[in-house]
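S.K.: need a 3D model of the sequence below.
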Amino acid sequence: MWEVVNGPHLPGHPNREIFHWVNIRGYKESGAYSQVQDPATSVWSGVPAQSPVNSNTLVTMMG
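M.R.: Numbering: from 1, shown residues only. Below is the predicted model of the structure:
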């Protein structure tokens, strides 16, 4: 995915440009949220290993 300055970011990610791979594990609430596994837990403190992300926001970040 591509996170841009002042755009949407995954939980715990800093507000800077980031190109990043994640694993989408599943969804909930009829697809409104996607369950994301984020390997950046060792890069930035405060990044959860798994988190629900609004699916529309995720599509924006994935271009």
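S.K.: ok, the residue nearest the centre of the chain - contacts?
M.R.: Nearest to the geometric centre of the chain sits residue 10, at 3.3 Å (C-alpha atoms, centre = their mean). Taking C-beta atoms under 8 Å, 6 or more residues apart in numbering, we find residue 10 in contact with 1, 3, 20, 22, 36, 38, 40, 47, 51, 53, 61. For glycine as for every other residue, the C-beta is placed from the backbone atoms N, C-alpha and C.
S.K.: ok, and the closest non-adjacent residue to the last one?
M.R.: Take residue 61 and drop its neighbours on the chain: the residue closest to it by C-beta to C-beta, 6 or more residues apart in numbering is residue 1, 4.3 Å away.
S.K.: list the residues that contact that neighbour.
M.R.: 10, 19, 20, 21, 22, 58, 61, 62, 63.
S.K.: if we go to 6 Å?
M.R.: Residues near residue 1 by C-beta atoms under 6 Å, 6 or more residues apart in numbering: 20, 61, 62.
S.K.: contacting residues around the strand or helix carrying residue 52?
M.R.: Assessed by DSSP states H and E, residue 52 sits inside strand 50-54. For strand 50-54, contacts defined as C-beta under 6 Å, 6+ apart pick out 11, 33, 34, 35, 36, 37.
S.K.: which of these sits closest to residue 26?
M.R.: residue 35 (4.6 Å; C-beta to C-beta).
S.K.: so that closest one touches residue 22, yeah?
M.R.: No: in this structure, residue 35 is not within contact of residue 22 by C-beta atoms under 6 Å, at 10.4 Å.
S.K.: quick one: which of the two has more around it?
M.R.: residue 22 (18 against 14; other C-beta atoms under 10 Å).
S.K.: follow-up on the earlier one: want to throw the contacts of residue 10 into TSV with distance to residue 29 and secondary structure?
M.R.: Formatted as TSV, those follow (distance: C-beta to C-beta, whole Å; DSSP: H, G, I helix; E, B strand; the rest coil):
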residue	distance to residue 29	secondary structure
1	21	coil
3	23	strand
20	24	coil
22	19	coil
36	14	strand
38	20	coil
40	24	helix
47	23	coil
51	14	strand
53	12	strand
61	19	helix
